[in-house]
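>>> next comes the sequence, and after it the predicted model I'd like to discuss.
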Protein chains: 2
Amino acid sequence: MKPVSTATENEAMYRRYIDCLNDHLTSDLSDFVQEDLTYNGRPMTRLGYQNLIAADIAAIPDLHFDIQLLVVEGDRIACRILFECTPQHEFMGVQPNAKPISFAEHVFYQLCDGKIAEVWSLLDRPAIEQQLAS
Amino acid sequence: MKPVSTATENEAMYRRYIDCLNDHLTSDLSDFVQEDLTYNGRPMTRLGYQNLIAADIAAIPDLHFDIQLLVVEGDRIACRILFECTPQHEFMGVQPNAKPISFAEHVFYQLCDGKIAEVWSLLDRPAIEQQLAS
């Protein structure tokens, strides 16, 4: 029987995943993400998920994931991620204004066999719109 | 020396706190919330916090906090809360349209001595605006 991942192992996996995103290495997330997952309840392939993150990085070349709060219990992870960056292209339907912006994401993950199987994400969209409009 | 609260005790406290909110008993949250806290980084008194929740209940008489995902690690708690309700008065600057709406909150808490000392909350404001506008 395959050993169940512990919270400690899951936290280590998650921190490696975030390091990988910060290195903008999104073309193969198979060490961290299941082949099929759900994103805010919608079914998604790992490839689709990778493309989603790659598109964010294309719009924001200095995108950096800064873990501000991390809570891990068994196979569930919650993270408050802070972004301080300067979008260069349209992001979340909002045009960039060449100014740096700061916003948070609050995201929950359900793992399966030590890899991300569900993502529930909320971004502080009002903060993004407000700063890009100013 | 006062015993430090365990994750199990903290989860039990949090579930009692949510029960209390669901009973709309917001006038005394001293069993759950420190006298002074921060809310999204801003200092706030417990009284101010209670008033904030009471105002939401006044705007949404059928407000019910439905815990969808709960992650507890030591003195940190993260929760995805689902709301299915019908606002009767202005809520988050948006006028009600008498229709039921559904939206999520992703909220992190840092406890101190077993009571809430920091709150970091993101609401799915776009979902609220979209549903109230339709």
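Looks like it arrived, so ask away. Numbers count the residues shown, from 1 in each chain, chains lettered A, B, ... in the order given.

>>> residues in contact with A:Asp62?
A:Asp62 is in contact with A:Cys85, A:Thr86, counting by Cβ atoms under 8 Å, 6 or more residues apart in numbering or on different chains. For the C-beta atoms, the positions are set from N, CA and C on the backbone; glycine is no exception.

>>> before we move on, what SS does it have?
coil (DSSP: H, G, I helix; E, B strand; the rest coil).

>>> and it, what pLDDT?
With respect to pLDDT, A:Asp62 has a value of 96.

>>> where does it fall, phi/psi-wise?
Main-chain torsions, A:Asp62, degrees, to the nearest 10: phi -100, psi 20.

>>> what about A:Arg15, neighbour count?
For A:Arg15, the number of neighbouring residues by other Cβ atoms under 10 Å in any protein chain shown comes to 12.

>>> excluding chain neighbours, what is closest to it?
Distance criterion Cβ to Cβ, 6 or more residues apart in numbering or on different chains; nearest residue to A:Arg15, sequence neighbours excluded, is A:Ile67 at 7.5 Å.

>>> that neighbour should be in a strand, yeah?
Yes: assessed with three-state DSSP, A:Ile67 lies in a strand.

>>> per-residue pLDDT, it?
98.

>>> ok, A:Met1 next?
53.

>>> give me every residue in chain A lying close to chain B.
A:7, A:69, A:71-73, A:76-78, A:80, A:104-108, A:110, A:120, A:122-126 (Cβ under 8 Å from any Cβ of the partner chain).

>>> buried only: go through those for me.
A:69, A:71-73, A:76-78, A:80, A:104-108, A:110, A:120, A:122-126 (16 or more other Cβ atoms under 10 Å in any protein chain shown).

>>> inside helices: which ones of those residues?
A:Arg125, A:Pro126 (DSSP state H).

>>> of the buried ones among the residues of chain A next to chain B, which belong to strands?
Members of these lying in strands (criterion: DSSP state E): A:69, A:71-73, A:76-78, A:80, A:104-108, A:110, A:120, A:122-123.

>>> so the helix or strand bottoming out on mean pLDDT in chain A versus helix B:125-133, what angle?
When the helices and strands of chain A are scored by mean pLDDT, DSSP states H and E, helix A:125-133 comes last with a mean of 89. Taking axes from the mean of the first three to the mean of the last three Cα atoms, to 10 degrees, one finds helix A:125-133 and helix B:125-133 inclined to each other by 100 degrees.

>>> quick one: contacts of helix A:125-133?
A:87, A:91-92, A:94-97, A:99, A:101-104, B:125-126.

>>> mind checking which of these land in helices?
Those of these lying in helices (DSSP H): B:Arg125, B:Pro126.

>>> need phi/psi at A:Ile53.
phi -70, psi -40.

>>> which residues does it contact?
Here A:Ile53 is in contact with A:Leu21, A:Thr26, A:Leu29 (criterion: Cβ under 8 Å, 6+ apart).

>>> what residues are up against the last one?
A:Leu29 makes contact with A:Tyr17, A:Cys20, A:Arg46, A:Tyr49, A:Gln50, A:Ile53, according to Cβ under 8 Å, 6+ apart.

>>> any idea which of those is closest to chain B?
Nearest to chain B among the contacts of A:Leu29, counting by Cβ to the nearest Cβ, is A:Tyr17 at 16.6 Å.
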